[in-house]
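**Student:** have a look at this prediction, sequence included:
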Amino acid sequence: MTASTDVIDALAGIEPGSPTAALRERRPDFVRYTQGSHDVLLAPADPAGVSLAERALIALRVATIERSDALADHYRAQLRAVLGDGDAPAVGTPRLQAVLDHVERVTTAPRTATKAHLDDLRTHGLSPRDIVTIAQLVAFVSYQVRVAVGLRLLAEEARA
């Protein structure tokens, strides 16, 4: 999906002209800021210390943990688009493994994350900015899952 595609509409299966689309049109800031957050977090002009491929992998991991097949498919496609003919970040590398372990911890049991876990990320070359970016990605993808599920339920209710 391109930056001009509304990811939530696509995930929730919202058809133009539907009652759910009309509901979303009543909240244009919500729609614009949600899509804008997606674009800035997943495809920033300057990805800094968290590459575009790593961002897509992080988002894919959260979507998988959250059991959102549609969102996982979206981020899998984004990862393929980012990589083109290139190679994926080496999943077995200590850095990426530390990132994905942190993503899982923060997604499933955020209260268990400690300063030692953050220090471990720093030993793998992640700056405080990078660690915040990872946390933002986890929070945003979790938010996307919940918004899409809620809108899907509203759409089903409108059809019933």
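**Tutor:** Happy to help now that I have it. Not measured: the values here are computed from a predicted model.
**Student:** C-alpha only now, for contacts and for neighbours.
**Tutor:** OK.
**Student:** and Ala90, what pLDDT?
**Tutor:** pLDDT, Ala90: 58.
**Student:** check which residues of the top helix by length along the chain are buried.
**Tutor:** If you go by DSSP state H, the chain has its longest helix at helix 128-159. Using 16 or more other CA atoms under 10 Å as the test for burial, helix 128-159 gives 130-131, 133-135, 137-142, 144-145, 147-149, 151-152, 154-155.
**Student:** so where's the protein shaky on pLDDT?
**Tutor:** 1-4, 85-91 (pLDDT under 70).
**Student:** what segments of it are helices?
**Tutor:** Secondary structure of the chain, counting by DSSP H: helices at 7-12, 19-25, 28-42, 52-65, 69-83, 94-108, 115-123, 128-159.
**Student:** what angle separates the longest one from helix 52-65?
**Tutor:** Right, the one you point to is helix 128-159. Angle between the axes of helix 128-159 and helix 52-65 is 50 degrees (criterion: axes from the mean of the first three to the mean of the last three CA atoms, to 10 degrees).
**Student:** and helix 128-159, what does it pack against?
**Tutor:** Applying 3 or more CA pairs under 8 Å, 6 or more residues apart in numbering; DSSP states H and E, one finds that helix 128-159 contacts helix 7-12, helix 19-25, helix 28-42, helix 52-65, helix 94-108, helix 115-123.
**Student:** just the ones you listed: most buried one?
**Tutor:** Comparing the helices and strands packed on helix 128-159 by mean neighbour count (mean count of other CA atoms under 10 Å), helix 52-65 comes out on top with a mean of 23.
**Student:** okay, buried residues for stretch 69-86 please.
**Tutor:** Ala70, Leu71, Ala72, His74, Tyr75, Arg76, Gln78, Leu79, Val82.
**Student:** how about the second one, nearest residue that isn't a chain neighbour?
**Tutor:** Translated: Leu71. Leaving aside its chain neighbours, Leu71 sits nearest to Ala63 (5.8 Å; criterion: CA to CA, 6 or more residues apart in numbering).
**Student:** who's in contact with that neighbour?
**Tutor:** Counting by CA atoms under 8 Å, 6 or more residues apart in numbering, Ala63 touches Asp69, Leu71, Ala72, Val141, Ser142, Val145.
**Student:** ok now do the first one, which residues does it touch?
**Tutor:** So the one you mean is Asp69. Residues in contact with Asp69 (CA under 8 Å, 6+ apart) are Ala63.
**Student:** ok, the second one next?
**Tutor:** For Leu71, the contact set (CA under 8 Å, 6+ apart) comprises Leu11, Leu60, Ala63, Val145.
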